[in-house]
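In: The following block contains a protein sequence and its predicted model.
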Amino acid sequence: MKKLKTKLQWIDAAYSFDLKRAGLVNENDANVMIERRGQSDGISLFVVTTGAMVLNKDLVFEFEPLPSSRDEDFIERTRFLTKEEAQDYYIRYAKKMGRVENKRKRTYILLVPKTLNVEPFMGEPTHFIEKILRGEKGTVLHDDYIWEDRIKRVQRGEAEISLRYWTGVPIRSEQAEFGRITKDDNPGFERLKIGGDYDPTNEVELKNSSFFFKNEGLTLAQGVALYGKKSKKMLLIYLDGRRYSYNDEGELIYSLQQ
């Protein structure tokens, strides 16, 4: 990535400015724009946006709801008085996410689905992204063991993970980044066998299955529909320091590991 500029060359009448073209966004990242937004009282404020998400003053990208659902708190935390202020917040975000120091590191893209792709739940929202952003979900299931080596590279500080989603139809739309995983996040992985027949009369097994799928953002019915009765080998990617383990009673727990 080009060296961060302290000021952008702005055209005052411009509606938007592409931060990637300005050299403020890594070439592997999603497009980020600063846009002028007219308000109901006639004034103009500015946002840092990827299209579906906007940067707030806590240096976190969050979903931008429809205009009718944007309350005063949302406007206050995601709008900036000037384009220079918006730019400064993005530069602070870029530095926080390691865009300068880590510019030579490899970036791996991990796509998180927005909807379920299995009957009878086809097209239902997963809310995975919102749950990850709120810290309620700290894992992603993947069926490709190639991520084992990728996670090891991140653990060694040689690479980072760009968490993304499709902004529209998968493959035929652009990707948007909503998070970044680095060595400091303490990521990890674990091989799992998911699915297969289980005894519904076994209370511990049923409780563990329900707990696991709920923690992954799914109902037990959705989990069974996704993974079926046939056991599947999956890779559980940990995005932070929390891990699954069993207590003395054989019950599954999910907690921060030291």
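Out: That came in fine, so what should we check first?
In: List the beta-bridge partners for residue 48.
Out: Residue 48 has these beta-bridge partners by DSSP bridges: residue 34.
In: I figured it was touching residue 34, is that so?
Out: Yes. Using CB atoms under 8 Å, residue 48 makes contact with residue 34 at a distance of 5.6 Å. (Glycine included, C-beta is placed from N, CA and C.)
In: of these two, who's got more company?
Out: residue 34 (27 against 23; other CB atoms under 10 Å).
In: Please tell me the pLDDT value assigned to that one.
Out: If you check residue 34, the pLDDT there is 89.
In: Once you drop chain neighbours, what's closest to residue 255?
Out: Spatially, and ignoring its direct neighbours in sequence, residue 255 is nearest to residue 242 (6.3 Å; CB to CB, 6 or more residues apart in numbering).
In: what residues are up against the one you found?
Out: If a contact means CB atoms under 8 Å, 6 or more residues apart in numbering, then residue 242 has 138, 139, 254, 255, 256, 257 as its contacts.
In: again, only this time at 7 Å
Out: 138, 254, 255, 256 (CB atoms under 7 Å, 6 or more residues apart in numbering).
In: what's the answer for residue 118, then?
Out: Taking CB under 7 Å, 6+ apart, we find residue 118 in contact with 225, 226.
In: Roughly how far does it sit from residue 223?
Out: 10 Å (CB to CB, to the nearest Å).
In: now residue 251
Out: Distance from residue 251 to residue 223, by CB to CB: 17 Å.
In: Settle it for me: which of those two has more neighbours?
Out: residue 223 (19 against 12).
In: for that one, helix, strand, or coil?
Out: Following DSSP: H, G, I helix; E, B strand; the rest coil, we place residue 223 in the helix state.
In: list the helices and strands whichever helix or strand residue 88 is part of packs on?
Out: Assigned by DSSP states H and E, residue 88 belongs to helix 83-96. Secondary-structure packing of helix 83-96 (3 or more CB pairs under 7 Å, 6 or more residues apart in numbering; DSSP states H and E): strand 33-38, strand 44-49, strand 53-55.
In: switch the cut-off to 10 Å
Out: strand 16-18, strand 33-38, strand 44-49, strand 53-55 (3 or more CB pairs under 10 Å, 6 or more residues apart in numbering; DSSP states H and E).
In: what does the domain assignment say about this protein?
Out: 16-96, 106-256 (automatic domain parsing).
In: which parts of stretch 142-149 are buried?
Out: 142, 147 (16 or more other CB atoms under 10 Å).
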